[in-house]
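Novice: Predicted structure and sequence below. I'll ask about it afterward.
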Amino acid sequence: MAIPPIAPAHGSVRRPRIFDSARAVTLLALFALLVLCVVFSWTTRDAMQNLSFLKNKNGSGGSALVDLGPWQTAQALAPLAVTAEETEYARDAERLADHEVDQAFASALRLSGLQQRHRTLTGAALQMSQKVEQLKLLIQQDQALVDSLSAKTGPSGNAKNSAPADANGDDLDVAKAQLELDSDELADAQLDLQRESGDKSAQIQSELAAHEASMRQYDSQSHDDGQIAAIVEKKHGTLAERLVAWFSQNSRRQSIQQAIQEAQDDAHALTAEHDALEAKANAALAAAPANATDRAARLADIKDRAAERQVLSIYDDRIQTIQQLAVVYGKWSAQVQLQHRIVLHLILQSFALIIFIVLCMVLFDAFVRRLMTRPSFDNRQSQTLRSILELGIQVLGLVLILLVVFGTPEQTPTILGLTTAALTFALQDFILAFLGWFVLVGKHGMHVGDWVEINGVGGEVTEIGLFRTTLLETGTLVGKGHPTGRHTTFMNGFAIRGQYFNFSTTGQWMWDEITVSLPATDDIHTAVDNIDKMVLKETEENTRIAEEEWKRGTRGDGLSRFSATPVVNLRPTAAGIDLNVRYVTRASERFDVRNRLYQDLVDLLHEPPKANPSDESQPSPGA
């Protein structure tokens with residue numbers, strides 16, 4: 001026989017789906033975000049390879065004429081020094097770097113002056129140069145006039161004749177003002193000439209002044225010498241601190257290695273510049289005539305060669321300084337590597353201690369298992385004692401491991417806070433039970449002898465203590481009157497985080513119902529009316545009191561539209577009609593009211609039907 005397509009094959013089991021469509025879309029979106037983060041992290045990996053002192057290799061903004069890289073490197077590495085040995089190396093590096101930068105400024109100034117002497121001026125630069133020479137001559141004349149007028153006025157500024165003295169004083173003020181004006185014009189003309197001719201001496205001087213100002217500010221700051229490495233590293237007493245120190249040393253060593261590489265690159269670059277300048281000087285010396293007759297040209301040539309040799313000497317000093325700086329960085333890196341080994345040794349000690357603790361836990365657990373297998377112990381007692389001992393061993397081992405990893409808290413507030421939190425967590429049931437006792441003894445609580453239901457257990461209250469409440473179990477609402485005789489104890493915390501029902505207090509009304517099956521007869525409506533009247537009469541008093549209490553409980557007429565009048569419902573069945581009667585009763589009187597209603601129903605249903613007067617007036621068929 002063919003199997004319908006929608007029917008599963010015989011013996012096949014349909015496995016439930018692990019991920020629905022919403023979870024699958026969420027996982028795909030998260031996976032896509034993870035891939036994007038990894039890709040962008042890979043593309044920006046070079047950001048972690050460049051230190052702050054390598055970003056501005058040529059000074060601020062990349063527009064500086066003198067390379068401040070060695071000083072910037074030493075200044076950036078100085079705060080990384082942790083121990084006294086590292087601090088000493090950092091200061092040596094700063095001293096050498098500062099000397100190298102000073103020599104760089106000196107060589108830059110000499111090279112700029114040498115280039116300026118050999119530069120041929122044309123166009124606007126030539127005009128500026130001529131203007132500067134004219135202003136210099138004019139300033140000399142102004143200075144001579146000021147000197148002559150100052151001599152005429154005398155040392156004290158007074159002459160024998162007052163009238164000539166006043167005139168000379170006015171002329172002297174005019175001459176000084178003219179000298180100041182011409183000096184300002186000369187300074188402006190010199191700046192214009194430097195800009196047109198490409199002379200960088202002024203900018204180099206400005207950078208030198210800024211560097212010296214920053215050096216003075218740096219020297220004025222206080223610097224801590226620190227402690228030796230053996231003392232510093234032993235302060236890392238926990239595994240967490242040692243791991244942090246290990247990673248920090250690794251990062252610091254990488255930074256120092258980058259500084260070494262930078263110093264080596266600078267040394268190679270300076271060597272190349274030295275060789276190029278020396279080759280140029282040697283070529284110029286070979287091309288110069290030996291018997292030059294022009295004494296001025298020969299003097300200028302000698303001065304140029306002397307300046308070149310001075311620059312070459314400065315280059316040699318800079319190369320030697322950079323090499324010494326690389327050596328200092330190498331010693332610093334070796335010191336960090338030594339501290340790295342010290343911290344690694346301490347980390348291995350911590351891991352060994354943790355392994356020893358775990359090994360002791362395993363051995364003690366095996367000892368407990370061996371001890372609990374003795375026949376002298378009861379089976380249940382041995383299992384309980386074994387569980388307690390194993391849990392205690394595990395907790396103790398975990399606490400010891402946490403102490404090795406994080407150490408003991410040293411601050412009093414931290415200890416008090418952790419202790420309070422632990423006690424609160426351990427005693428939370430007793431704390432809630434004690435607070436619940438105040439709720440139970442309050443106005444809406446319970447008292448000894450009340451019939452209550454707590455967590456599905458019904459019974460009479462026999463004891464209310466500070467922490468526990470004891471019931472004599474008498475069954476639930478259905479089985480009240482059939483006590484079990486068991487004493488059940490509850491922690492008083494149920495009054496706060498749970499619920500309970502007290503059926504002995506005023507106002508504990510509830511809806512109850514009874515069901516009666518009636519045969520389908522002609523007088524079914526009469527029977528229903530009789531049952532309805534009987535229930536109304538039996539529950540009339542409870543209905544009135546319940547409605548009054550409900551109205552008082554709302555402090556108004558909010559529940560006036562609700563009624564406690566019994567309700568009779570009919571439901572047809574195959575055997576006849578089921579009559580369902582719902583009525584209001586007190587919870588404590590529920591069974592008594594139900595028993596009375598059942599008794600009245602039995603009497604009502606077994607009562608003989610009354611004769612109909614109309615039927616009695618008609619003659620019988622046999623008459």
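Specialist: Nice, I can see it.
Novice: lowest-pLDDT helix or strand in the protein?
Specialist: Ranking every helix and strand in the chain by mean pLDDT, DSSP states H and E puts helix 52-55 at the bottom, with a mean of 45.
Novice: packing partners for the helix or strand encompassing Asn595?
Specialist: With secondary structure defined by DSSP states H and E, Asn595 is part of helix 590-605. With contacts taken as 3 or more Cβ pairs under 8 Å, 6 or more residues apart in numbering; DSSP states H and E, helix 590-605 sits against strand 509-518, helix 524-538, strand 577-586. Where you see a C-beta, it was placed from the backbone N, CA and C, and this is true even at glycine.
Novice: Contacts only, for Ile256.
Specialist: Counting by Cβ atoms under 8 Å, 6 or more residues apart in numbering, Ile256 touches Leu77, Leu80, Tyr329, Trp332, Ser333, Val336.
Novice: How confident is the prediction for Val395, by pLDDT?
Specialist: As predicted, Val395 sits at a pLDDT of 86.
Novice: Around Phe364, count how many other residues there are.
Specialist: Close neighbours of Phe364, defined as other Cβ atoms under 10 Å, add up to 17.
Novice: Just the element for it, please.
Specialist: Per DSSP H and E: helix 295-372 holds Phe364.
Novice: Low-confidence stretches in the stretch 251-400 of the chain?
Specialist: Regions of the stretch 251-400 of the chain meeting the criterion pLDDT under 70 cover residues 285, 287-294, 374-381, 384.
Novice: And the stretch 501-623 of the chain, by the same measure?
Specialist: Using pLDDT under 70, the stretch 501-623 of the chain drops low at 505-508, 522, 552-562, 588, 607-623.
Novice: for the record, mean pLDDT for the helix or strand hosting Asp171?
Specialist: Assigned by DSSP H and E, Asp171 belongs to helix 162-197. Helix 162-197 comes out with an average pLDDT of 72.
Novice: Next SSE downstream of it?
Specialist: Assigned by DSSP H and E, the successor of helix 162-197 is helix 201-220.
Novice: so what does that next one touch, helix or strand wise?
Specialist: Helix 201-220 sits against helix 84-117, helix 162-197, with contacts defined as 3+ Cβ pairs under 8 Å, 6+ apart.
Novice: and the direction of that helix versus that of helix 84-117, what angle?
Specialist: Counting by axes from the mean of the first three to the mean of the last three Cα atoms, to 10 degrees, helix 201-220 lies at 160 degrees to helix 84-117.
Novice: and helix 201-220, how far out from the chain's middle?
Specialist: Its chain's C-alpha centre and that of helix 201-220 lie 41 Å apart, by Cα atoms, centre = their mean, to the nearest Å.
Novice: swap in stretch 131-146?
Specialist: Between the mean C-alpha location of stretch 131-146 and the chain-wide mean there is a distance of 70 Å, by Cα atoms, centre = their mean.
Novice: avg pLDDT for that stretch?
Specialist: 81.
Novice: what's the spacing between Arg295 and Ala286?
Specialist: Using Cβ to Cβ, to the nearest Å, one gets 21 Å for the distance from Arg295 to Ala286.
Novice: Same check on Tyr218?
Specialist: 46 Å.
Novice: Pretty sure Val535 sits against Thr565.
Specialist: No. Taking contacts as Cβ atoms under 8 Å, Val535 lies outside contact range of Thr565: 9.7 Å.
Novice: and the two? which has more neighbours close in?
Specialist: Val535 (21 against 14).
Novice: What is the burial count for Asp219?
Specialist: Asp219: 10 surrounding residues under other Cβ under 10 Å.
Novice: Likewise for His236?
Specialist: For His236, using other Cβ under 10 Å, the count is 20.
Novice: show me the residues around it that make contact.
Specialist: His236 neighbours (Cβ under 8 Å, 6+ apart): Arg242, Val244, Ala245, Val343, Leu346.
Novice: List buried residues within those.
Specialist: With neighbours counted using 16 or more other Cβ atoms under 10 Å, the contacts of His236 contain these buried positions: Arg242, Ala245, Val343, Leu346.
Novice: Including distance to Asp600, could those go into CSV?
Specialist: As requested, the buried ones among the contacts of His236 are exported to CSV (distance: Cβ to Cβ, whole Å):
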residue, distance to Asp600
Arg242, 87
Ala245, 90
Val343, 93
Leu346, 91
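Novice: Can you tell me which of those is closest to Lys136?
Specialist: When the buried ones among the contacts of His236 are ranked by distance to Lys136 (Cβ to Cβ), Ala245 comes first, at 65.1 Å.
Novice: in which helix or strand would I find that closest one?
Specialist: Ala245 belongs to helix 239-287, assigned by DSSP H and E.
Novice: Tell me where the stretch 401-550 of the chain has strands.
Specialist: Taking DSSP state E, counting those that start in this stretch as the test, the strands found in the stretch 401-550 of the chain are 451-454, 457-464, 468-473, 487-491, 500-502, 509-518.
Novice: Out of these, which is the most enclosed?
Specialist: Ranked by mean neighbour count, the strands of the stretch 401-550 of the chain are led by strand 451-454 with a mean of 20 (mean count of other Cβ atoms under 10 Å).
Novice: what sits up against that strand?
Specialist: Strand 451-454 is contacted from outside by 446, 458-461, 469, 471, 474, 476-477, 480, 490, 494, 498, 500-504, 587-588, using Cβ under 8 Å, 6+ apart.
Novice: If we use 6 Å, what do you get?
Specialist: Met446, Glu460, Val461, Phe490, Phe494, Tyr500, Phe501, Asn502, Phe503, Ser504 (Cβ atoms under 6 Å, 6 or more residues apart in numbering).
Novice: where's the fifth one relative to Val581, distance?
Specialist: Just to be clear, that refers to Phe494. For Phe494, the distance to Val581 - Cβ to Cβ - is 35 Å.
Novice: How is this protein partitioned into domains?
Specialist: 428-502, 509-608 (automatic domain parsing).
Novice: Bridging across strands, which residues link to Thr515?
Specialist: Asn580 (DSSP bridges).
Novice: My guess is it contacts Ile577. True?
Specialist: No. Here Thr515 lies out of contact with Ile577, judged by Cβ atoms under 6 Å, at a distance of 11.0 Å.
Novice: still on that earlier bit, pull the distance from the helix holding Ala245 to the chain's centre.
Specialist: Relative to its chain's centre, helix 239-287 lies at 38 Å (Cα atoms, centre = their mean).
Novice: same check, this time on stretch 510-529
Specialist: Chain-centre distance of stretch 510-529: 72 Å, with Cα atoms, centre = their mean.
Novice: mind checking pLDDT for the most centrally placed residue in the chain?
Specialist: Centroid check for the chain by Cα atoms, centre = their mean gives Val244 as the closest residue, at 17.2 Å. pLDDT for Val244: 86.
Novice: Can you name the residues that contact it?
Specialist: Residues near Val244 by Cβ under 6 Å, 6+ apart: none.
Novice: What separation is there between it and Leu346?
Specialist: Remark: distance between Val244 and Leu346 (Cβ to Cβ) = 12 Å.
Novice: next one: Ile355
Specialist: Look at Ile355 and Leu346: by Cβ to Cβ, they are 15 Å apart.
Novice: okay, now Thr419: neighbour count?
Specialist: 11.
Novice: same question but for Arg590, I mixed them up
Specialist: Arg590: 16 neighbours (other Cβ under 10 Å).
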